[in-house]
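In: From the sequence below, what's the structure:
(one chain, ligands or ions: 1)
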Amino acid sequence: MDTAPDTAPVSPWTVAVLGPGGVGGLLAALLSRAGHRVICLAGEDTARTLSRDGIRVSSGRHGDFTARVEADTELREPVDLCLVTVKHTALDAALERVPPRFVRGFVLPLLNGVEHVAALRARYGTEQVVPAVIRVESTRTSAGVIEHGSPFTEIDVAGADADRLAPLAAVLDAAGVKTRTVADENAALWAKLAFLAPFALLTTRYRLPIGGIREEYPKELAALVEETTAVSRACGGPGDAAQVLARYDAFPAQSKSSMLRDAEAGRPLELDAIGGAVLRAAGRHGMDVPLATRLVAELGDGATAASAG
Ligand SMILES: NC(=O)c1ccc[n+]([C@@H]2O[C@H](COP(=O)([O-])OP(=O)(O)OC[C@H]3O[C@@H](n4cnc5c(N)ncnc54)[C@H](OP(=O)(O)O)[C@@H]3O)[C@@H](O)[C@H]2O)c1
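Out: The predicted structure is shown next:
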């Protein structure tokens, strides 16, 4: 188990966390525990709860602890780092809470998908926004209560200037988040999306965990991975379909995508950010992705195996 780091980094940062949910709440608590000043940005009820109770984390990896954080409904001062950890479906509304004039350091979006980076850069500037991906399984069970289930919390931050990103990586690392700096942002974002999209689309469409998909829909799984890895290659990402399938084979049979968990809970799906982004990228490159197109359309119509009969 990884407990609190022994020493705080040289100088504490002021960090805003937009969307203190499964991902944001975990990182807010870890950064606060590491000695940074953390301001969570959320709706009124959540902000009040977090200001009063802090964030309680339950984690085999990071330990069980409660971290004090500040919380507000909007950012009112400059920060060194702003984590963007809302779901894509809430992004536009949430960004109203972060006026660009207060973003003087890094903006680190950890959403799944690829297209949010351009939207954030248009608002906050190209240099400020550092594309990144996170590998973690973390759930907000109620406001300020986080269950972290994965034995890892890993972030890849992407950018050609590794020296500029080094302090950011050091702050995250010292808080217990294993952080790598990678040069190629397209490779980083598409590696995640090409892997995630088939898992999300198929498990949600058929309301089955990965084991059920492997058993009942192996041809669709293989075909969809072929489509998404081909799009990834066209976009400058990795594209080894066999490698992606081998990773799915290693998943425990009961593994569910977060899109399936959202569907089961009746929450909005990140369908456009995940499936829609694959279709738009395919379109830009003149590629046919018939299976992805069908699944996105069916899910957009609200179809699931249960409701489609
Ligand atoms: N969770 C994971 O393990 C995981 C792993 C890898 C990647 N991701 C990606 O990370 C992103 C975040 O996922 P998540 O699971 O952390 O989502 P989540 O648990 O639903 O958290 C999102 C947070 O955003 C807040 N929010 C919604 N609208 C807001 C607004 N207008 N202003 C401020 N805050 C707002 C929500 O607050 P309320 O609850 O009060 O609505 C919630 O706390 C997604 O793109 C997801 O695909 C998640």
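In: So which residues on this protein come close to the ligand?
Out: Proximity of the chain to the ligand, by CB under 6 Å from any ligand atom, involves residues 18-24, 41-43, 46, 85-88, 90, 93-94, 97, 110-112, 134, 136-138, 140, 258, 270. Bear in mind the C-beta positions are built from the backbone N, C-alpha and C, glycine included.
In: Among those residues, which ones are in strands?
Out: Among the residues of the chain next to the ligand, the subset assigned to strands under DSSP state E consists of 18, 41, 134, 138, 140.
In: quick one on the thing from earlier: please spell out the ChimeraX selection for the buried subset of the residues of the chain next to the ligand.
Out: The following ChimeraX selection, which keeps only the buried ones among the residues of the chain next to the ligand, applies the criterion 16 or more other CB atoms under 10 Å:
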select :18,19,20,21,22,23,24,41,42,46,85,86,87,88,94,97,110,111,112,134,136,137,138,140,258,270
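In: so who does residue 226 touch?
Out: Residue 226 makes contact with residue 241 under the criterion CB atoms under 8 Å, 6 or more residues apart in numbering.
In: actually residue 27, not the one I wrote
Out: 17, 83, 85, 110, 175, 177.
In: Okay, and the beta partners of the second one?
Out: Beta-bridge partners of residue 83, counted by DSSP bridges, are residue 17, residue 108.
In: Determine the number of other residues adjacent to it.
Out: Using other CB atoms under 10 Å, residue 83 has 29 other residues around it.
In: And the fifth one, by the same measure?
Out: By other CB under 10 Å, the residues close to residue 175 number 24.
In: Would you quantify the distance from the closest residue to the ligand within the stretch 1-150 of the chain to residue 289?
Out: Residue nearest to the ligand within the stretch 1-150 of the chain (CB to the nearest ligand atom): residue 21, separated by 1.7 Å. Residue 21 is 30 Å from residue 289, where distance means CB to CB, to the nearest Å.
In: Export the ones in strands among the residues of the chain next to the ligand as TSV, with columns for distance to residue 76 and pLDDT.
Out: Output for those, formatted as TSV (distance: CB to CB, whole Å; pLDDT from 0 to 100):
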residue	distance to residue 76	pLDDT
18	13	98
41	10	98
134	27	97
138	27	94
140	24	96
